[in-house]
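Visitor: What follows is a predicted structure for the sequence shown.
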Amino acid sequence: MIGLPSWLSAYRREWLPGDLTAGLIVTVMLIPQSLAYAMLAGLPPQMGLYASILPIIAYAAFGTSMTLAVGPVAVISLMTASALQPLAPAGSDLYIVLSMQLALLSGLMLLAFGVLRLGFVAHLLSHPVISGFITGSAILIAVGQIRHLLGVKPEATDNVASALVALGAVIGAIRPATAAIGLGSLLFLWLARRSLAGLLVRIGVSTRLADLLAKLAPMLAVILSTVVVALFDLDRHHGVAVVGAVPGGLPAFPSLEQLLPDWAMLQVLMVPALLISLVGFVESVSVAQSLALKRGERIAPDRELIGLGAANVASAFSGGYPVTGGFARSVVDFAAGARTPAAGVIAAVLMAFVLLFMTDLFRALPQAVLAATIIMAVTSLIDFDTLRSAWRYDRADAVALVATALGVLFAGVEAGILTGVLLSLAVVVWRSSRPHIAVVGRMPGTEHFRNLLRHAVETQPDVLLVRIDENLFFANSAVVEDRLEALLASQSGARRLVLSLAGVNQIDSTAVGMLDDLEASLDRRGVRLEFAEVKGPVMDRLSRAPLADRLSGRIHLSLHDAVAAASPT
């Protein structure tokens, strides 16, 4: 029997004011974002509102974060558009059905990962790869919104370079009224982000309230621009593109037949659904963990998979598209005083009220303002700090970040993230295939052994002590063998080769075979192979090979014991 969520069964009355306040503020912030992100995904604006009701409630029932705000987000909206635009015209009935199918597949994958306790899949995407992917996506989104900001209609393109060229070709067709509204809104939002909170603090508003009000600037831009367009009929007289009629009422639940793709379409949607699942999960978990740490709370990654999976399934069955936890909304939810997911449930109820009674107010909402909202939201995601730190610390990570970003910009969303994942895995294999191997000696007067290139140590001409600082497997076995042979050649008087395996946690059959061959070769040359500091799991593997019998009496607890052992006569 499924019981109440733990946060609900332990709910306290004193938490309600904070949850109510946060729910109201997040709703005000969510309305323009939901409309804008749905249009970014190539969907009717009401689908963004649909994706902001049941998914929030589903996450509240199964998720573990107290303040994660689930719903439409920019990057997942872009990934949805990238996946579906080759399959159907944006906004068409087929496109809408495919978006719901994509949400269902993503949700089912997340649920399966959660049931199988595969929360570690988030680690397949390194932080530099995620940073590069989000940075590239943010730039791609911002460039794509310029057409709406200026009221032009360039040719459709598939990368950022051709998009800029297409924009340049229609620059003379800018609609002055649209550009004035769009650029004016962009300037207002930029000033609000930069200075509004400080200005409010100077006139006596508390810092916390000032920060919240500054984050609600997009809603003010929406209200003011909608009023101006409606008063002066700018859509009819000056060609300002508006959202138009937004159907009111709660979403009609699609049939199961609509939601289940046929076999051919399932094969097409599987990879985009998997990538959306991975990116959405990583983004959500990183936000949820950072906020949880501020209050000494904990989240469970496997349960987060269940929560996000349930949210996406709920989105599919309520006429929405893929969702995940949003950074900006979650931060606002946290800052507004949310104590539990009840704040999200309150936001969902308020969003349902908006759908029932307020959609007529969106008719004159200019698309240029939504474009400005998107641009300001995504520019904050461009991450040059991670690139700078990665370049200082690890050039390979920096290259993976840049390659992922460029892949997104010039080859597409899926190609970009796959490039990043493959580069990250390639870097891991490359590093592992070139393990650090050190000749060590005893620190004078101690039982400690250190790298002779870094410390003044004592060595013996007839004993070569070598420490291997990497797991041994098929990709590095030959390199390790060549390196050991080279070291023996440089110390020709050595009659014993002692390998410290303290840094080896795993060893595969290829590596065991290499050590077996090495021991036989050394024995023929009168050199004795010995081991020291072998970990239990590695010893278990070695014990199953013939090598273990030949090494009887030659496996030492420590390097000190190995050196103290008498040399063979």
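Guide: Structure received. From a predicted model like this one, the values you see are computed outputs, not experimental measurements.
Visitor: got the contact list for Ala338?
Guide: 18-19, 22-23, 26, 66-67, 344 (C-beta atoms under 8 Å, 6 or more residues apart in numbering). (C-beta placed from N, C-alpha, C; glycine too.)
Visitor: ok, and the most crowded of those residues?
Guide: Gly344 (33 neighbours; other C-beta atoms under 10 Å).
Visitor: How about the contacts made by that one?
Guide: So Gly344 contacts 23, 26, 56-57, 59-60, 69-70, 333, 338 (C-beta under 8 Å, 6+ apart).
Visitor: Let's see that with 10 Å instead.
Guide: Counting by C-beta atoms under 10 Å, 6 or more residues apart in numbering, Gly344 touches 19, 22-23, 26-27, 30, 52, 55-57, 59-60, 63, 65-71, 329-330, 333, 338.
Visitor: got it, and Ala221?
Guide: 32, 181, 184-186, 188-189, 192, 366, 369-370, 372-373, 376.
Visitor: same thing with Gly107?
Guide: Gly107 is in contact with 55, 58, 273, 277, 308-317, 322-323, counting by C-beta under 10 Å, 6+ apart.
Visitor: Hmm, Val512 and Leu472 touching each other?
Guide: Yes. Between Leu472 and Val512 there is a contact under C-beta atoms under 10 Å: 8.2 Å.
Visitor: Now do the shared contacts for those two.
Guide: Contacts common to Leu472 and Val512, judged by C-beta under 10 Å, 6+ apart, are 538, 541.
Visitor: picking that back up, in helices, which of the contacts of Gly344 fall?
Guide: Among the contacts of Gly344, DSSP state H puts 19, 22-23, 26-27, 30, 55-57, 59-60, 329-330, 333 in helices.
Visitor: now, which of those residues sits nearest Val440?
Guide: Ser330 (49.2 Å; C-beta to C-beta).
Visitor: Counting neighbours, what do you get for that closest one?
Guide: 24.
Visitor: Quick one: residues contacting the nearest residue to it once chain neighbours are set aside.
Guide: Closest residue to Ser330 apart from its sequence neighbours, by C-beta to C-beta, 6 or more residues apart in numbering: Ala69 at 4.6 Å. Counting by C-beta under 10 Å, 6+ apart, Ala69 touches 22-23, 26, 29-30, 52, 56, 59, 284, 287, 325-334, 338, 341, 343-344, 347.
Visitor: Identify all contacting residues around stretch 190-206.
Guide: With C-beta under 10 Å, 6+ apart, stretch 190-206 has contacts from 188-189, 207-218, 220-221, 372, 375-376, 379-380.
Visitor: Try it again at 7 Å.
Guide: By C-beta atoms under 7 Å, 6 or more residues apart in numbering, the residues outside stretch 190-206 that reach it are 207, 210-211, 213-214, 217, 376.
Visitor: Going along the chain, name the strands of the stretch 401-550 of the chain.
Guide: Ranges of strands in the stretch 401-550 of the chain, per DSSP state E, counting those that start in this stretch, are 437-442, 449-451, 463-468, 496-500, 528-532.
Visitor: how far off strand 463-468 does the fourth one point, in degrees?
Guide: Okay, so that is strand 496-500. 30 degrees (axes from the mean of the first three to the mean of the last three C-alpha atoms, to 10 degrees).
Visitor: and strand 496-500 with strand 437-442, angle?
Guide: Going by the same axes, to 10 degrees, strand 496-500 makes 100 degrees with strand 437-442.
Visitor: Which strands or helices does strand 496-500 pack on?
Guide: strand 463-468, strand 528-532, helix 559-564 (3 or more C-beta pairs under 7 Å, 6 or more residues apart in numbering; DSSP states H and E).
Visitor: Indicate which one of those is closest to Glu485.
Guide: strand 463-468 (11.3 Å).
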